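In: sequence and predicted structure, then a few things I'm wondering about:
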Amino acid sequence: MTAFPFSAIVGQDEMKRAMVLTAIEPAIGGVLVFGDRGTGKSTAVRGLAALLPQITAVPGCPVNSAAYEDCPDWAEVPEADPVETATPVIDLPLGATEDRVTGALDIEKALTQGKKAFQAGLLAKANRGYLYIDEVNLLEDHIVDLLLDVAQSGENVVEREGMSIRHPARFVLVGSGNPEEGELRPQLLDRFGLSVDVSSPKDIKTRIEVIARRDAFERDAPAFLDAWADEDAAIRGRILAARTILPQVITPPSVLERCAELCLALGSDGLRGELTLLKAGRALAAWRGQKRMNESHIADVAPMALRHRLRRDPLDEAGSDTRVTRVVEEVLGA
């Protein structure tokens, strides 16, 4: 199915920025997008997939290895030079079994060849790419626990049916959901680096623009894609340039101090908040072509990096966005 161009999405600037930052710096830890139905959550993910720069991978390798010597032995991949291919974006459906997610015994080979072989799962296919979960708040608990283990280690371990298999499983986790259908388990919530809330546009002009673009896309997708090809190419070029700049971005000690002050003032648990602020702020600096991180970068990414890490305060009825903004103004004067 043809994806709607990422650059043609109307509004939803914070969501698009969060996804671009994870494309620049995958170590940020993924994006959680919460909002009503029909607000462009899955559209943005599909559009980003089509926009992402290609990766170099060995043909036929189930874990998208960049070099032949990195291909797992159990895969029995024919020796070949790596080629450029699309960045993998894999859907994890709600009803997926554990075997489908982690991989399992290849029943067909076992029956037809009498051979015990491993059939890679969704985690293998998502390695070096994105794993997308729609309605992530409705995931079954045992799948959530599995994802937590893999997200922590970057490795998928399967030990069943007489097999012991290990393979890399490093991916950017993107989840979307409707808050009315239930909350996300705190353990999984904390694994997402960034969190954004999306809503339907409230003004007539924006709504008309959304409808007009969607209608044009559905009536003549090739023409619409062609019209937005240059815009998508420009974003792709900026992502590649930002990836080049990222290792050169300097982080002054004062910036680290501000990250710590913000998280202490907000009462966020652990140190994941500071680390996410640091990585997202550095990626934002690279996106803007700047080689020195400053307080403005922290202020701009603070809401998406911290809103889902706040402890509930029964004495403070303000929403998470308001609380983050208030503390940013107090600590940074921004």
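Out: Good, I have the coordinates.
In: so where do the helices sit in the stretch 151-300 of the chain?
Out: Counting by DSSP state H, counting those that start in this stretch, the stretch 151-300 of the chain has helices at residues 186-189, 204-219, 221-245, 253-266, 272-287, 295-306.
In: these two touch, right, residue 125 and residue 87?
Out: No. The pair residue 125 / residue 87 is not scored as a contact, 11.8 Å apart, by CB atoms under 8 Å. C-beta here means a position set from N, CA and C on the backbone, and glycine is covered the same way.
In: helix, strand, or coil at the closest residue to residue 59 other than its chain neighbours?
Out: Spatial nearest neighbour of residue 59, excluding adjacent residues (CB to CB, 6 or more residues apart in numbering): residue 80 at 5.2 Å. With DSSP: H, G, I helix; E, B strand; the rest coil as the basis, residue 80 sits in coil.
In: so what's the backbone phi/psi at residue 80?
Out: phi -160, psi 160 (degrees, to the nearest 10).
In: same check on the one 5 residues further on?
Out: Taking degrees, to the nearest 10, you get phi -150, psi 160 for the backbone angles of residue 85.
In: residue contacts, it?
Out: 54-57, 64 (CB atoms under 8 Å, 6 or more residues apart in numbering).
In: could you rerun that using 10 Å?
Out: For residue 85, the contact set (CB atoms under 10 Å, 6 or more residues apart in numbering) comprises 54-59, 64.
In: out of those, list just those in strands.
Out: Cross-referencing the contacts of residue 85 against strands under DSSP state E gives 55-57.
In: same list, the helices of the stretch 151-300 of the chain, but as a markdown table with mean pLDDT and distance to residue 97 please.
Out: Listed next are the helices of the stretch 151-300 of the chain as a markdown table, based on pLDDT from 0 to 100; distance: least, CB to CB, whole Å:
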| stretch | mean pLDDT | distance to residue 97 |
| --- | --- | --- |
| helix 186-189 | 76 | 19 |
| helix 204-219 | 92 | 34 |
| helix 221-245 | 94 | 34 |
| helix 253-266 | 89 | 38 |
| helix 272-287 | 93 | 30 |
| helix 295-306 | 91 | 33 |
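In: ok so, going back, ok, of the contacts of residue 85, which one's closest to residue 2?
Out: residue 54 (18.0 Å; CB to CB).
In: contacts only, for that closest one.
Out: Counting by CB under 10 Å, 6+ apart, residue 54 makes contact with 83-87, 236.
In: any idea which of those residues is closest to residue 32?
Out: Nearest to residue 32 among the contacts of residue 54, with distances taken as CB to CB, is residue 87, at 19.8 Å.
In: near the closest one, how many other residues are there?
Out: Other residues near residue 87 come to 19 when the count uses other CB atoms under 10 Å.
In: return the distance of the residue nearest to residue 59 relative to residue 198.
Out: 42 Å (CB to CB, to the nearest Å).
In: neighbour-wise, which of those two wins?
Out: More crowded of residue 80 and residue 198, by other CB under 10 Å: residue 198, with 17 against 12.
In: kindly state the pLDDT recorded for that one?
Out: Turning to residue 198, the model gives it a pLDDT of 84.
In: chain neighbours aside, what residue packs nearest to it?
Out: residue 35 (3.5 Å).
In: list the contacts for residue 125?
Out: 62-64, 88-90, 103, 131, 169, 171 are the contacts of residue 125 under CB under 10 Å, 6+ apart.
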